[in-house]
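In: curious how this folds, go ahead:
(2 chains)
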Amino acid sequence: MKRGRKKQPQEAPGIGDFRQVGADTAAGWSTHEKDERLVATHCCFCGVQCGMYLRVAPDGRVFGVEPRDHDINKLKLCPKGVTAYQQVNHPDRLTHPLMRESRDEPLRPVSWDEALDRIVSEINRIQDSYGRDAFAIYSGSSMTTEKTYLIGKFARVALGTANIDYNGRLCMVSAAAGNKKAFGIDRAANPWSDMFETDVILVAGSNVGECFPVMTQYFWGARDRGAKLITVDPRETALARTADIHVGLRPGTDAAFFNGVLHVIERDGLIDEGFIAERTVDWEEVRTMVRTYTPEKTGEVCGIEPALIEAVGRVWGEADKAMAFHARGIEHHIQGVGNVLTVINLVLATGQIGAPGKGYGTITGQGNGQGGREHGQKCDQLPGARAIDDPEARAYIAKVWGIDESELPGKGMSAVELIHAAEAGEIKGLIGLCNNPLVSMPNADRIRRGYDALDFHCQLDFFLSETAERADVVLPVTAWAEDEGVTANAEGRIVKHNKATEPLPGVRTDWWIVCELARRLGRHADKFAFDSPREIFDELRVASKGGPADYHGVTYERIEETGGIFWPCPDEDHPGTPRLFEDRFYYPDGKARFTAVEWAPPAEEVGDEFPMRLTTGRTVAHYLSGNQTRRIGALVQQTPRPWVEVHPSLGFVNGDAVRVVTRRGEVTYPALVVTTIRPDTVFVPYHWASPVAANELTVDDLDPTSKIPEFKVCACRLEPGVEITETPSPPVEAGKTPYSDAFGRDDDTRPPSVPQGRGTAQG
Amino acid sequence: MMTKTLFIDPGRCIGCQACVAACRECDSHRGRTMIHLDYVDEGHSTAAMPTVCMHCQDPIAPCAQVCPADAIPVGPDGIVHNAAKERCIGCGNCVYACPFGVPKLDLSEMLQYKCDMCYDRTSRGFSTMCATVCPTGAIFYGSYEELLADRPHARASDIFGFGDALIQTGCAVVVPAGRDRSSVPGGWS
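Out: Prediction:
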């Protein structure tokens, strides 16, 4: 089905001013608040990184938001983006360091000197007694790339520990590993605007409408221009509702499904022999393997009609141009890397990559999920997305940092392994920043034991998270609007967050704290003499030079002058690289790799005792562990509490107390009874803390390559519950009332109207 | 329908409530949303639909017609405004008269609140806040021609049937192909 008669994009209706009818609301706008300033920046939440203006009052206070016509989002914002500014002057903000001598005592306010001295003495004590690697850093990707770079350098240069990792390990790291294996580089291949030129879009394991709401406009825009949409998800999400084909497969069977689709394509002669011969290697092994994945066999594994597999194979195989996207739904598995590779096999076998309208990408979840995985806060990585075991990379980075190569530690432990090692007594001290693992890590009970076993734990945050609440020292840091720096969105586009306001009194930025700790430790203190994010960024540019994630040609000024720059960008004359793989892949021979992946069952198969599959995910009003969004009034009203989503065939009525039991724990949720989920599968959103945390239930087996946990499937059983487990308020300092309670958080036990929340009429 | 107006396209709506959140941000009614977001088939679908004031043209503004305090002005541009606070007596007649369930009464203030198509913005040529932020284009602000330029296959209707009564509105909804000559929800042609 060639569609050669399709109009070229520049002639296609609407392309020139896509969604821009009306006017840029910000330019020339005035309000009741005279003399307010609009500061151009981006959202702090997901990987879309929507542009926005923050409204700043004459006294410097951030008090509102205006839409911004940035290339990424074209004025659009989701409910989290609209309300993000409410964090800045939020009454729950931490404004002084907190400390305690032992975990039995309450946290008490202390001076910065006292807190920093304690941290330094604990680092010295633990490293002197147990070795340098006994002190670890656990970092995150919801902060600027400058900070992620600096913390990686701090771990290796100032602490001299191998053990630093980041919360992308819980996010898209399977995609990162799969992309590196297939393409030799870890980045989404196309700008999203390519979608307007494609004929078929396949989305696997991504609830785009809730996790990346503003990205939906690209999907709908593509459909306006005639593209077909295929969704693959155990739930019929808002994106899937009107899709041309929705594949509601069984959780944990993705690799089988994509092998089955490739079977149909190969059988029907719809592969691109020329592309395979010229631009790839190792096809024959995959071809032989997929021949065993007949639609009948695959349908049985996936719990779907074989005709669906035939239909997807036909639509994808016959497309002139096609694009595939996936997210956590296929990545959060012990076979996460394998699942990703099966999608890539499909893309490569049909030559659907490296041209306008032909492409592939993971949809990164965190605001800086892309940038945060590039510059050395991963346990196996140095800046520029270099491998830590590559002698050339080590020599280069050691030179940039001005240390001896022998001082540079090797590969450390990955995130979940770090906390498990703390439980085993191997890790004694930990500094955590930009994460909330007591909500976000799997099998929460074991994670609590890990944190409780630490000799010393310091946590940095701007709210008292569930994890910070248990720490020995808590340092209050800036919210995103109080500092500047770059992020890279899910397309690989580098954008800049601008500082809209001074930090609240008593608050310091993460990079200042890191530099100050290095100074007080007295280890290579001169390597941390930074006075601004710009100085850190300039060093990062040099450190990344020549690496796969090359930022050398990116400057703050160039980012502001453009709609953002796509790396690699080796020098200041280079325009950046919006679309990868047009000529070559990033292996020395320029060719992409096929990998044959046999489907394997999940870590926990269902049986008599636990006959149902539990899957977890997000809802639109909340973000990750909810430490931010559970404090914002509008978002709490939209979705005040978690629920369990079940099919009506299980016999429950909406609002029933349903106890979800797994081998790790049990929680009683209100039932949201819907026909949009598979009868053999139940869903729980993961943004809330224990005792209602979804991670009280999840399994903590890891993908052997990426070390990602299998959040997306484990075995459970449902029982009629007695009392619905109460949702706790977000933690605050002693003596304060959580804002969400003060404004009247509705803690009743009803489920939402639908997965997206309560309708405004439901109150 | 009006020249530049709001088009509601429920087929595109993902129910995220960005419109609700954005409406709350307005400087004239901070913290209070004028837009209603309903999940229209709970238990069976993720479908959702926002409701804004439709600015009824024929018959003109039932809410204003029944107002005993003559508090709801209708502009020459067709915009049906909020009840003027100095005139509104909080009787709730407008709430009962509106065919779309748009006006709401604040019982503590005994004042009416309703959507006025962001008059502070649209009267100066800017888009409404809800249409500006809507991630999916389910709320669209512009002329019919501009809608068609963006979505060539879209068709809209501004006639709503309530039994035998027909109402022609200033705003419109995007309807299935071939149904733009019928009233919404259909049945009349």
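
In: what residues sit buried inside stretch A:662-675?
Out: A:662, A:664-674 (16 or more other Cβ atoms under 10 Å in any protein chain shown). C-betas here are computed from N, CA, C, even on glycine.

In: helix or strand right after the one helix or strand residue A:541 maps to?
Out: Remark: residue A:541 resides in helix A:533-544, with elements defined by DSSP states H and E. Sequence-wise, the next helix or strand downstream of helix A:533-544 (DSSP H and E) is helix A:556-561.

In: and the residue of chain B nearest chain A?
Out: residue B:127 (3.0 Å; Cβ to the nearest Cβ).

In: how many other residues sit next to that residue?
Out: 26 (other Cβ atoms under 10 Å in any protein chain shown).

In: tell me the SS of it?
Out: Per DSSP: H, G, I helix; E, B strand; the rest coil, the secondary structure class of residue B:127 is coil.

In: I'd say it and residue B:121 touch.
Out: Yes - using Cβ atoms under 8 Å, residue B:127 makes contact with residue B:121 at a distance of 6.7 Å.

In: verify the stated contact: residue B:83 with residue B:68.
Out: No - with contact defined as Cβ under 8 Å, residue B:83 does not count as touching residue B:68 (11.3 Å).

In: neighbour count winner among the two?
Out: Legend: neighbour count by other Cβ under 10 Å for residue B:83 and residue B:68, higher for residue B:83 (25 against 9).

In: just confirm the more buried one is within a strand.
Out: No - going by three-state DSSP, the assignment for residue B:83 is coil, not a strand.

In: what's near enough to touch residue A:667?
Out: A:659-660, A:684, A:691-694, A:696-697, A:725 (Cβ atoms under 8 Å, 6 or more residues apart in numbering or on different chains).

In: mind checking which of these are in strands?
Out: If you go by DSSP state E, the contacts of residue A:667 have A:659-660, A:684 in strands.

In: of those residues, closest to chain B?
Out: The closest of those, once distances to chain B are taken by Cβ to the nearest Cβ, is residue A:684, at 16.9 Å.

In: quickly list what the closest one is bridged to.
Out: Bridge pairing for residue A:684 (DSSP bridges) gives the partners residue A:616.

In: how deep is it tucked in, by neighbour count?
Out: 24.

In: test my guess that it contacts residue A:613.
Out: No - contact criterion Cβ under 8 Å: residue A:684 and residue A:613 do not qualify, at 11.7 Å.

In: all helices of the stretch 51-200 of chain A, in order?
Out: A:79-83, A:112-130, A:145-153, A:173-183 (DSSP state H, counting those that start in this stretch).

In: residues in contact with the first one?
Out: If I follow you right, that is helix A:79-83. Under Cβ under 8 Å, 6+ apart, the answer for helix A:79-83 is A:43, A:45-46, A:50, A:52, A:65, A:213-214, A:620-623, A:629, A:632-635, A:638, B:16-18, B:20-22, B:25, B:133.

In: coming back round to it: out of the helices of the stretch 51-200 of chain A, which gets nearest to residue A:311?
Out: Taking Cβ to Cβ, helix A:173-183 is the member of the helices of the stretch 51-200 of chain A nearest to residue A:311, at 25.4 Å.

In: what mean pLDDT does the longest strand that chain B contains have?
Out: What stands out as the longest strand in chain B, according to DSSP E, is strand B:165-175. For strand B:165-175, the mean pLDDT works out to 94.

In: what do you get for stretch A:626-634?
Out: Looking at stretch A:626-634 alone, the average pLDDT works out to 95.

In: thinking again about what came up before, what is the most widely separated pair among the contacts of residue A:667?
Out: Using Cβ to Cβ, the pair of the contacts of residue A:667 lying farthest apart is A:659 and A:693, separated by 14.9 Å.

In: neighbour count for the two, which is higher?
Out: The residue with more neighbours, out of residue A:659 and residue A:693, is residue A:693; 28 against 19, by other Cβ under 10 Å.

In: what distance do you get for the more buried one to chain B?
Out: Distance from residue A:693 to chain B, counting by Cβ to the nearest Cβ, to the nearest Å: 24 Å.

In: in contact with that residue, which residues?
Out: Residue A:693 touches A:439, A:444, A:667, A:686, counting by Cβ under 8 Å, 6+ apart.

In: how many other residues sit next to the closest residue to chain B within the stretch 501-650 of chain A?
Out: Nearest residue of the stretch 501-650 of chain A to chain B (Cβ to the nearest Cβ) works out as residue A:620 at 4.6 Å. When neighbours are defined as other Cβ under 10 Å, residue A:620 has 28 of them.

In: host element of the residue lying closest to it once chain neighbours are set aside?
Out: Leaving aside its sequence neighbours, residue A:620 sits nearest to residue A:210 (Cβ to Cβ, 6 or more residues apart in numbering or on different chains; 4.0 Å). Using DSSP H and E, residue A:210 sits within helix A:208-211.

In: can you give me the helices in the stretch 501-650 of chain A?
Out: A:510-521, A:533-544, A:556-561, A:633-638.

In: make that chain B, sorry
Out: B:18-24, B:62-65, B:93-97, B:119-122, B:129-133, B:144-150 (DSSP state H).

In: return the most buried member of those.
Out: helix B:129-133 (a mean of 29; mean count of other Cβ atoms under 10 Å in any protein chain shown).

In: want to try a markdown table for the contacts of residue A:693, with distance to residue A:83 as columns?
Out: Formatted as a markdown table, the contacts of residue A:693 follow (distance: Cβ to Cβ, whole Å):
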| residue | distance to residue A:83 |
| --- | --- |
| A:439 | 20 |
| A:444 | 27 |
| A:667 | 27 |
| A:686 | 20 |
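
In: tell me the contacts of residue 115?
Out: If you meant another chain, say so; for now it's chain A. Contacts of residue A:115 (Cβ under 8 Å, 6+ apart): A:97-99, A:473, A:475.

In: actually chain B
Out: By Cβ under 8 Å, 6+ apart, the residues touching residue B:115 are B:23, B:34-35, B:52-53, B:102.

In: for residue B:79, same thing?
Out: Contacts for residue B:79 (Cβ under 8 Å, 6+ apart) come out as B:55, B:116-117, B:119, B:122-123, B:170.

In: if you rank the residues you listed by neighbours, which is first?
Out: Ranking these using other Cβ under 10 Å puts residue B:117 first, with 28 neighbours.
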